[in-house]
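In: build me a model from this:
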Amino acid sequence: MSTSTAVPVRKTKRDWGSLFSYAGIVLIVIYCLAPFYWMLVSSLRPDSEIFENSWWPRHPSFENYKAVFSSKNDFANGLINSLIVSIVVTIVALAVATFTAYALARLDFRGKGLLMLLIIATSMFPLVAIIVPLLKNFAAWGWTDTYQAMIVPDLSFSLPLAVWNLTSFFRQMPQELEQSAMVDGCTPGQAFRKVILPLAAPGIFTTAIIIFIGAWNEFLVAVTMIIKPSMQPATVLLSKFTGDSQFNTPFGSQMAAGVIMTLPLVLMVLFFQRRIVAGLAAGGLKQ
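Out: Numbers count the residues shown, from 1 in each chain. All right, here's what the predicted structure looks like:
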């Protein structure tokens, strides 16, 4: 009798748990997507309707998107600058962080824990505290209005995070993988290239997307170091959009530019979602 009553109670608890889980997921999705939806709706509103609170514009228009790519704003060139900086930062950071993280995961030496602590502490250092010394040094070196003025500071903050993430990922991979490959005739370099790197692809993809998003959204360094409009990335150009008059703020154009800048990140995450989930799940396993 007690067994027959225990099963429905357990099933009821499981059903309620699933219900709360789905409700929580729905709330999180709404919380994350609501700002983007409102930005999309606002980008489709004409200037005369920009302050309306309806869920959809009464007269949808693509005028704001045309204004974004007008010669006055030069937003297309800003997107190219942002893409160049983000790709270079991602490739260089991954190339350096992959070898560094693999060495830290496999080698044992004195002070390794302190070194890892210094690495993660570097990524948490506030950028605003060093922006003035950076500007002074870059001006002395003639680096202002150049790509390296944005790439080097981005690397200094992307590298520690990439090394930390990949080190924890490589630690989950047993050393027997390399040993088995070397028994079969591989050199240590070949074992790393042919065995470890393919298995580490999910973690590398996840780290690459995090680095790319950080470089794509960077603003403070670019607005400080880059004065020449043709070299400014999209984030800086968006903040300098001007309206028809001095006192007119182009909210619609700014919303349209925000949608254009967000879409590549959304599409990239959707395209690599399986690898991202696999990387996050693998990073959470314990050996």
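In: mind checking the SS state of F51?
Out: Secondary structure of F51, reduced to three states by DSSP: H, G, I helix; E, B strand; the rest coil: coil.
In: all further residue positions should be reported with the first residue as 242.
Out: Got it, the first residue is 242 from now on, which makes the last one we talked about F292.
In: can you get me a residue count around it?
Out: The number of residues packed near F292 is 9, by other Cβ atoms under 10 Å. For every residue, glycine as well, the C-beta is placed using N, CA and C.
In: which strand or helix spans G426?
Out: G426 is part of no helix or strand, with elements assigned from DSSP states H and E.
In: which residues touch it?
Out: For G426, the set of contacting residues under the criterion of Cβ atoms under 8 Å, 6 or more residues apart in numbering is empty.
In: let's see that with 10 Å instead.
Out: Under the criterion of Cβ atoms under 10 Å, 6 or more residues apart in numbering, the contact list for G426 reads A432.
In: need the pLDDT of it.
Out: The model reports G426 with a pLDDT of 81.
In: Y278 and V267: what is the separation?
Out: Applying Cβ to Cβ, to the nearest Å, the value for Y278 to V267 is 14 Å.
In: repeat that for T339.
Out: Using Cβ to Cβ, one gets 37 Å for the distance from T339 to V267.
In: give me the phi and psi for the residue nearest the centre of the chain.
Out: The geometric centre of the chain, computed from its C-alpha atoms, lies nearest to I454 (Cα atoms, centre = their mean), at 2.4 Å. Backbone geometry at I454, expressed as degrees, to the nearest 10, gives phi -60, psi -40.
In: what's near enough to touch it?
Out: The contact partners of I454, taken as Cβ under 10 Å, 6+ apart, are 327, 331, 505-506, 509-510.
In: the residues you listed in helices, which ones?
Out: Filtering those for membership in helices, criterion DSSP state H, returns 327, 331, 505-506, 509-510.
In: need those residues in JSON lines (columns: neighbour count and distance to V477).
Out: JSON lines is the format used below for the ones in helices among the contacts of I454 (neighbours: other Cβ atoms under 10 Å; distance: Cβ to Cβ, whole Å):
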{"residue": "S327", "neighbour count": "23", "distance to V477": "14"}
{"residue": "T331", "neighbour count": "24", "distance to V477": "20"}
{"residue": "P505", "neighbour count": "16", "distance to V477": "17"}
{"residue": "L506", "neighbour count": "14", "distance to V477": "18"}
{"residue": "M509", "neighbour count": "16", "distance to V477": "22"}
{"residue": "V510", "neighbour count": "12", "distance to V477": "24"}
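In: now the helices for this structure?
Out: With DSSP H as the definition, the chain shows helices at residue ranges 243-284, 304-309, 316-347, 353-364, 372-382, 389-412, 417-424, 429-432, 438-440, 442-457, 461-466, 475-480, 492-512, 514-524.
In: these: which one's closest to F292?
Out: helix 492-512 (8.3 Å; Cβ to Cβ).
In: report the buried residues of the closest one.
Out: Within helix 492-512, the residues that qualify as buried are 492-503, 505, 509, counting by 16 or more other Cβ atoms under 10 Å.
In: and of those residues, the nearest to N406?
Out: Checking the buried residues of helix 492-512 against N406 by Cβ to Cβ gives M509 as the nearest, at 17.4 Å.
In: correct me if wrong: the closest one contacts I452.
Out: No. With contacts counted by Cβ atoms under 10 Å, M509 stays clear of I452, the gap being 11.9 Å.
In: what's the closest of the buried residues of helix 492-512 to A308?
Out: When the buried residues of helix 492-512 are compared for distance to A308, the smallest value, 4.6 Å, is given by S494; criterion: Cβ to Cβ.
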